[in-house]
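Engineer: sharing a model prediction with you, sequence too.
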Amino acid sequence: MSGLDALLNRPRPGAWQRFVHQPCIFLAHKLYTWRRTIPIQPIVDPVSVVCISDTHNSQPALPDGDILIHAGDLTQSGSLQELQGTVTWLRAQPHPVKIVVAGNHDLLLDEFYTGHHANSFDNLTGKAACKMINWGDIIYLENSEATVTCANGRQLRVYGSPRSPRHGNWAFQYPRSEDVWTGATPEGVDILITHGPPRAHLDLQRLGCNYLLRELWRVRPKLHVFGHVHEGAGTEWLQFDGLQKAYEDAVITGGGFGNLLRTLKAFLLTLSGTAAEAKCLLVNAAMVGGLRDDERRRPVKVTI
């Protein structure tokens with residue numbers, strides 16, 4: 001297992017370990033998760049979305065749905081054979097709309113990566129590889145947007161990106177200190193698909209991107225699907241309010257008693273009012289887990 005895989009796939013520490021390591025962040029997270037949240041309910045023309053990510057050549061059984069989203073790491077080593085095998089499997093699925101972004105393991109799809117490792121891929125570049133792969137009816141997004149029309153006639157705008165912060169020598173990665181996100185996502189997008197997570201949410205509280213989090217606040221999609229951090233798998237509703245901001249500040253700045261007090265104050269303020277309807281659903285749809293990726297999870301099916 002590579003250094004990046006070991007970092008992303010290491011098991012979640014227990015509650016006591018997390019408290020001892022970062023007590024203020026641990027308590028701030030508890031306050032944040034104790035909030036009252038009303039999941040947003042689609043009023044007209046609901047659309048079911050099946051979310052998967054980080055399948056790494058596995059081909060799990062998938063439930064039916066209107067849209068199928070794969071948030072990257074289709075393969076383990078990014079070869080043309082692996083990519084075509086996974087794409088062929090995805091094409092065979094019954095979902096009317098299928099949308100895919102690449103991940104850091106999908107090496108061959110990255111024009112920059114293949115350009116610097118030409119000998120490893122028989123001088124095949126990312127653009128050439130994309131042309132060789134038979135995508136069929138799959139919508140492949142690489143820092144791009146598409147508008148899809150669902151079976152019930154509802155139209156949804158979707159933006160997808162394979163980017164994730166750099167750790168090691170992988171595809172579609174950028175220095176963690178570099179802001180590649182500000183203004184990248186078109187306003188009014190309904191679904192955001194990224195390979196990497198935003199900071200402080202379903203990312204083990206340290207592996208997500210600060211700049212992606214800030215972009216999420218600006219765009220506020222109905223649904224954000226990602227993966228990459230296998231042990232962060234799960235779902236979370238966002239309110240984009242003072243409690244969320246206080247919690248995120250505590251995580252980003254490394255804790256601190258002052259940040260904990262601000263999170264407590266924001267939490268107490270939520271108790272004095274009625275529960276608000278959530279604004280955005282986050283889904284870390286990583287399908288594999290465990291130290292050796294030997295655990296298999298179920299796809300996440302949501303309705304928007």
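Structural biologist: Received the coordinates, thanks. Numbering: from 1, shown residues only.

Engineer: which stretches of the stretch 1-150 of the chain have low pLDDT?
Structural biologist: The model of the stretch 1-150 of the chain has pLDDT under 70 over residues 1-12, 16, 20, 117-127.

Engineer: now do the helices in it.
Structural biologist: Secondary structure of the stretch 1-150 of the chain (DSSP state H, counting those that start in this stretch): helices located at 3-9, 15-21, 23-33, 80-91, 111-116, 126-132.

Engineer: pick the most deeply packed of these.
Structural biologist: When the helices of the stretch 1-150 of the chain are scored by mean count of other CB atoms under 10 Å, the highest mean neighbour count falls to helix 23-33 (a mean of 19). Quick note: C-beta positions are derived from backbone N, CA and C, even for glycine.

Engineer: want to throw the helices of the stretch 1-150 of the chain into a markdown table with distance to Leu281?
Structural biologist: Output for these, formatted as a markdown table (distance: least, CB to CB, whole Å):
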| stretch | distance to Leu281 |
| --- | --- |
| helix 3-9 | 22 |
| helix 15-21 | 24 |
| helix 23-33 | 15 |
| helix 80-91 | 22 |
| helix 111-116 | 31 |
| helix 126-132 | 30 |
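
Engineer: wait, which of these is closest to Pro299?
Structural biologist: Of all these, helix 80-91 sits nearest to Pro299, with 12.3 Å by CB to CB.

Engineer: so Trp237 makes contact with Cys280?
Structural biologist: Yes: contact criterion CB atoms under 8 Å: Trp237 and Cys280 qualify, at 7.3 Å.

Engineer: comparing these two, which residue is more hemmed in?
Structural biologist: Comparing Trp237 with Cys280 by other CB atoms under 10 Å, the one with more neighbours is Cys280, at 20 against 16.

Engineer: what residue of this protein is the furthest out?
Structural biologist: Here the centre of the chain is the reference, and by CA atoms, centre = their mean the most remote residue is Ser272, at 32.7 Å.

Engineer: tally of neighbours for Ile138?
Structural biologist: The burial count for Ile138: 18, using other CB under 10 Å.

Engineer: alright, I will stop here.
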